[in-house]
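Participant: got a sequence here, can you build the structure:
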Amino acid sequence: MIKRTIFFLFAPLLVAAPALAADSLGIFSGWGAFRDPAPAARCYAIAQPGGSARRSGAYASIAYWPRARIRGQFYARLSRPLAATAKPAITIGSARFALVGSGRNVWAADARSDAAIIAAIRSASTMRIAGDGYDLKGAATAIDAAALGCARAA
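Facilitator: Predicted coordinates:
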């Protein structure tokens, strides 16, 4: 839970992260991979949804924080807030996974869910989160680039 709290506190910074990133690890179709400098020393794969949601500041990311021992953590900023009673979920191909969160912020409940989501992303072509649609072309390569980008910082 502490790892989730750490990520959640810093997750809003990912919106501006590509502009602040010290090192672009590559752009792979609609997905980018970036490495931030110390002291954060984090790496992440990130993408915006398609359609009108693109202009809303929405994005999905897979992050690596080696100093906090966080590897492959899913997070998404939605294009609009969830209803108070909504049960957020992500659909990747034909697989569906429950998420946790509120407002415009959602994430996987635990490391096992993160791993299942990443595995599904690697094998599917599309993903939907609360109405925001993502093309997954390039996602696996961006995730690998982010993981490798922070491997030496571990």
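
Participant: which parts of this protein are strands?
Facilitator: Remark: strands assigned in the chain by DSSP state E are 23-28, 31-35, 43-47, 59-65, 70-77, 89-92, 95-98, 100-102, 105-107, 126-129, 132-135.

Participant: what's the distance between the nearest residue to residue 32 once chain neighbours are set aside and residue 55?
Facilitator: In space, residue 32 comes closest to residue 46 once its chain neighbours are excluded; the distance is 5.6 Å by CB to CB, 6 or more residues apart in numbering. The C-beta positions use only the backbone N, C-alpha and C, and glycine is treated the same way. For residue 46, the distance to residue 55 equals 16 Å [CB to CB, to the nearest Å].

Participant: who has more neighbours out of these two?
Facilitator: Comparing residue 46 with residue 55 by other CB atoms under 10 Å, the one with more neighbours is residue 46, at 24 against 9.

Participant: beta partners for the residue most central in space within the chain?
Facilitator: Nearest to the mean C-alpha position of the chain, counting by CA atoms, centre = their mean, stands residue 61 at 1.5 Å. Applying DSSP bridges to residue 61 yields these beta-bridge partners: residue 46, residue 75.

Participant: mind starting the numbering at 8 from now?
Facilitator: Yes, from this point I'll number from 8; that puts the last item at residue 68.

Participant: can you give me the pLDDT of it?
Facilitator: For residue 68, the model assigns a pLDDT of 97.

Participant: how close does it sit to residue 90?
Facilitator: For residue 68, the distance to residue 90 equals 23 Å [CB to CB].

Participant: in the helix of greatest length in the chain, what counts as buried?
Facilitator: Secondary structure assigned by DSSP state H gives helix 118-130 as the longest helix of the chain. Buried residues in helix 118-130, counted by 16 or more other CB atoms under 10 Å: 120-121, 123-125, 127-128.

Participant: of these, closest to residue 36?
Facilitator: Nearest to residue 36, judged by CB to CB, of the buried residues of helix 118-130 is residue 128 at 13.0 Å.

Participant: the closest one reaches residue 99, doesn't it?
Facilitator: Yes. When contacts are counted by CB atoms under 8 Å, residue 128 is listed as touching residue 99 (5.8 Å).

Participant: so what sits against both of those two?
Facilitator: Listed as contacting both residue 128 and residue 99 by CB atoms under 8 Å, 6 or more residues apart in numbering are 134, 143.
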